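In: Curious how this folds, go ahead:
(2 chains)
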Amino acid sequence: SQELEQSPQSLIVQEGKNLTINCTSSKTLYGLYWYKQKYGEGLIFLMMLQKGGEEKSHEKITAKLDEKKQQSSLHITASQPSHAGIYLCGADTTSGNTPLVFGKGTRLSVIA
Amino acid sequence: DAGVIQSPRHEVTEMGQEVTLRCKPISGHDYLFWYRQTMMRGLELLIYFNNNVPIDDSGMPEDRFSAKMPNASFSTLKIQPSEPRDSAVYFCASSFSHEQYFGPGTRLTVT
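Out: Just a heads-up that it's a prediction; the model follows:
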C-alpha cells in the first residue's frame, strides 16, 4: 500500500522566518493534496498538485510537486502565528480524484 | 452553506456499548468519506461512498464497525461493541471533485 512520509514531524520557527515541509511517497503520485488542521478542528484544503511537476501558490504558501522524486514540498514565506497548525499531505492511490492516503502530519509552531 | 456537519462532537462511552456517529455532507457532493485520526496511526480512511453506494470499505477495522448512507444527505458510522482502542477522532468529509471538505470531527473516548 502507498505510504506518505512527512518531514519534519514538528517544527518551531520564529515569526517572519521561511520554512519548508516535505512529503515523500512510496509509490507513484497521481495527485497530491495539502491540508492544514488546527487542534480540535477538521482539515482545511490548501492546494492540490497533479502529476506533471506542478507548482501552486496561495498567499505566502507555495507547494511544488517533483514527480521523479515522488515528493512534494510546502514552503511558507515570512511565517506568521496564523500559519501555526498541523500540515498534512494526502495522495491519490490511483488515477482517480480522491485522496485516500495521508501522511502523519507536520506540527508547526510560530513564535514571536 | 453550513459545511459538513457531524454529531456528536464529543462522545464518552463505556466499553461494550454501541456508538453511532452521524454526518451530513455538503449538499450536491457525491462522495462521502469516513476517516479516523489517532496520534499513533495518523489519519486513516475507513470507508467511502459514491452516490450513496459504498465503494471501498477495506479500511474498516473489523466487523464491529459498520457504515451506512441511506440518502445523499446523511451517513452513520456505528461501532458495536465499542472497545478502548476505538478511542480516536472520527472525521467525515465530502467532495464533488478533487477538494474534500472535512467536518469538525467527533472525539470518541471509550473507557
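In: Point out where the chain drops to low pLDDT.
Out: Here I'm looking at chain A. In the predicted model, chain A carries pLDDT under 70 at residues A:51, A:95-99.
In: look at chain B instead
Out: In chain B (pLDDT under 70), the answer is B:1.
In: one more time with 90, if that's ok
Out: The model of chain B has pLDDT under 90 over residues B:1-2, B:39-42, B:56, B:58, B:61-62, B:96-100.
In: tell me which element the residue most central in space within it is part of?
Out: Residue closest to the average C-alpha location in chain B (C-alpha atoms, centre = their mean): B:Trp34, at 3.6 Å. Per DSSP states H and E, B:Trp34 falls inside strand B:31-38.
In: quick one: the strands in chain B?
Out: Ranges of strands within chain B are B:5-7, B:10-13, B:19-24, B:31-38, B:42-50, B:53-56, B:65-71, B:74-79, B:88-95, B:100-102, B:106-110, based on DSSP state E.
In: Any idea which of those gets closest to A:Asn22?
Out: Closest to A:Asn22 of those, according to C-beta to C-beta: strand B:42-50, at 15.9 Å. C-beta coordinates here come from the backbone N, C-alpha and C atoms, glycine included.
In: May I see the buried residues of the closest one?
Out: Going by neighbour count (16 or more other C-beta atoms under 10 Å in any protein chain shown), the buried part of strand B:42-50 is B:Gly42, B:Leu43, B:Glu44, B:Leu45, B:Leu46, B:Ile47, B:Tyr48, B:Phe49.
In: can you count the residues close to the nearest residue to the first one once chain neighbours are set aside?
Out: Taking C-beta to C-beta, 6 or more residues apart in numbering or on different chains as the measure, B:Gly42 lies nearest to A:Lys104, with 3.8 Å between them; neighbours along the chain are not counted. With neighbours defined by other C-beta atoms under 10 Å in any protein chain shown, the count for A:Lys104 comes to 20.
In: A:Lys104 is in contact with A:Ser7, isn't it?
Out: No: at 10.2 Å, A:Lys104 and A:Ser7 do not qualify as touching, with contact defined as C-beta atoms under 8 Å.
In: Which two among the buried residues of strand B:42-50 are spaced furthest apart?
Out: Longest distance between any two of the buried residues of strand B:42-50 is 22.0 Å, between B:Gly42 and B:Phe49; criterion C-beta to C-beta.
In: can you list the residues of chain A near chain B?
Out: Residues of chain A lying close to chain B (C-beta under 8 Å from any C-beta of the partner chain) are A:31, A:33, A:35, A:40-45, A:48, A:88, A:90, A:97-105.
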